[in-house]
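K.L.:
Test case, fold it:
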Amino acid sequence: MSPRRARRGVDRRDARVDMLRGLALVSMFVAHCAPDDGPFRLAALTEFATAPLFALLIGISAMLADRGNAGLTVAFVRAGVRAAVLVALGLWIEPWGAQVDVVLVYLALPTLLAPLLVRLPDTVLLGIATMSWAAAPALLSWGRTRSTEALVAGDDVGHRLWDVVVAGPHYRLTTLLVFTCLGIVLWRWTRAVPAWSAGLAGLVALAGAALLMAAKTSGRLAFEPYDGSHLEIVLEALLVGGFALAWFAVVPERFCLPALAAAGSMTLSVYVLQIAYLAWYVRELHPGERDDAWGNVGVLCVGALVLPMAWRSLVSREPWSRGPLEGATAAVTRGIR
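P.N.:
Numbers count the residues shown, from 1 in each chain. Next up, the predicted model:
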């Protein structure tokens, strides 16, 4: 399937993508703050699903952003602005004291590479994803050695770069790239096949993820969230890929839950507010305690659904209605032609 054919039907904003991004926010809140695995151990799945789902959405969003076909240079410069915003915000909020490994810096590289990836055919993207998956454990081991050497040598920049690319404790480009490529391929596929085919494929993938989790729970397979193992990445691909396929197959294109879509279109602002709240919770409200509480999950979910709608009711002018950070970023990127 060619990239040109895949662009068919993406000439307007797809609320389903915003809503899926809103669900990724909810998954993130649960992963950050749930004190236990919850009913049917569903909360445990968010540790596997959240970062991969955001990376997958980077690929889908890049396909949507590319509908104007502005050219690779312009697309790269715009992506560079978005990546720079992610890095700047990530470095700004990391010292606030929240008990969270801030993902923004790690997502900057997939964001920067996305304009090139959307111009590649599916076979190349699947090849990149497969090679990243196959090499991930070895690169993680090798990269952590290099990262430690840089830290011992006092090279803080080198240490951070090694972490972001291959050696991070929770996130790294080598695994996030798998899901960005997967997001592009899945989006193209959902635009080219009947909904029932995508839905069936999604259910099969989710069934595979359930079998892997059952084998893990029973002790027959050993892998953990963020461990960079082959099994972990396979589970995450089945989980987020299957859910995305089922989501786009089942949810009609014109269907929209305004609060969820608003949250999804204001992800960056909501993310920063989340870090601010969690930092305040552990530093001011309950000093020295953990932020793991279902009450925090509830506060974050309600805030993510209410505050973006409140912002939109006060600010109607585009692109600022998308959110304070989203609007500023869009205002800059729109001027790049």
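K.L.:
mind listing the helices for the chain?
P.N.:
For the chain, the helices identified by DSSP state H occupy 3-6, 15-33, 42-65, 72-93, 104-117, 122-152, 156-162, 173-192, 195-217, 230-250, 258-265, 267-280, 294-314, 324-334, in order along the chain.
K.L.:
Of those helices, give the one that comes closest to Phe223.
P.N.:
Counting by CB to CB, Phe223 lies closest to helix 230-250 out of the helices of the chain; the figure is 4.1 Å. Heads up, the C-betas are built off the backbone N, CA and C, glycines and all.
K.L.:
Show me the shaky parts of the stretch 51-200 of the chain.
P.N.:
By pLDDT under 70, the low-scoring segments of the stretch 51-200 of the chain are 67-70.
K.L.:
picking that back up, dump the helices of the chain into TSV; add distance to Gly288 as well.
P.N.:
Formatted as TSV, those follow (distance: least, CB to CB, whole Å):
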stretch	distance to Gly288
helix 3-6	51
helix 15-33	17
helix 42-65	24
helix 72-93	21
helix 104-117	26
helix 122-152	27
helix 156-162	27
helix 173-192	32
helix 195-217	33
helix 230-250	32
helix 258-265	31
helix 267-280	13
helix 294-314	16
helix 324-334	31
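K.L.:
what's around Val282, how many residues?
P.N.:
Val282: 19 surrounding residues under other CB atoms under 10 Å.
K.L.:
Spatially nearest residue to Gln274, not counting backbone neighbours?
P.N.:
Nearest residue to Gln274, sequence neighbours excluded (CB to CB, 6 or more residues apart in numbering): Leu300, at 5.7 Å.
K.L.:
So Ala15 is in contact with Ala261, correct?
P.N.:
Yes - taking CB atoms under 8 Å as the definition, Ala15 is a contact partner of Ala261 at 4.8 Å.
K.L.:
hang on, Glu94 packs against Ala88?
P.N.:
No - using CB under 8 Å, Glu94 makes no contact with Ala88, being 11.2 Å away.
K.L.:
With mean neighbour count added, can I get the helices of the chain in TSV?
P.N.:
Written out in TSV, the entries for these read as follows (neighbours: other CB atoms under 10 Å):
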stretch	mean neighbour count
helix 3-6	15
helix 15-33	22
helix 42-65	23
helix 72-93	18
helix 104-117	22
helix 122-152	16
helix 156-162	15
helix 173-192	24
helix 195-217	16
helix 230-250	21
helix 258-265	22
helix 267-280	20
helix 294-314	16
helix 324-334	17
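K.L.:
and of the ones you listed, who's closest to Pro287?
P.N.:
Of all the helices of the chain, it is helix 267-280 that lies closest to Pro287, at 10.6 Å by CB to CB.
K.L.:
Now do the closest one: which elements does it pack against?
P.N.:
helix 15-33, helix 72-93, helix 294-314, helix 324-334 (3 or more CB pairs under 8 Å, 6 or more residues apart in numbering; DSSP states H and E).
K.L.:
what sits up against that helix?
P.N.:
The set of residues that contact helix 267-280 without belonging to it, under CB atoms under 8 Å, 6 or more residues apart in numbering, is 21-22, 24-25, 28-29, 32-33, 85-86, 89, 93, 96-100, 102, 104, 263, 291, 296, 299-300, 303-304, 307-308, 311, 323-326, 329.
K.L.:
how about a cut-off of 7 Å?
P.N.:
Contacts with helix 267-280, where a contact means CB atoms under 7 Å, 6 or more residues apart in numbering, come from 21, 25, 89, 93, 96-100, 102, 263, 291, 300, 303-304, 307-308, 323-326.
K.L.:
got the angle between that helix and helix 42-65?
P.N.:
150 degrees (axes from the mean of the first three to the mean of the last three CA atoms, to 10 degrees).
K.L.:
now helix 267-280: mean pLDDT?
P.N.:
Averaged across helix 267-280, the pLDDT comes to 98.
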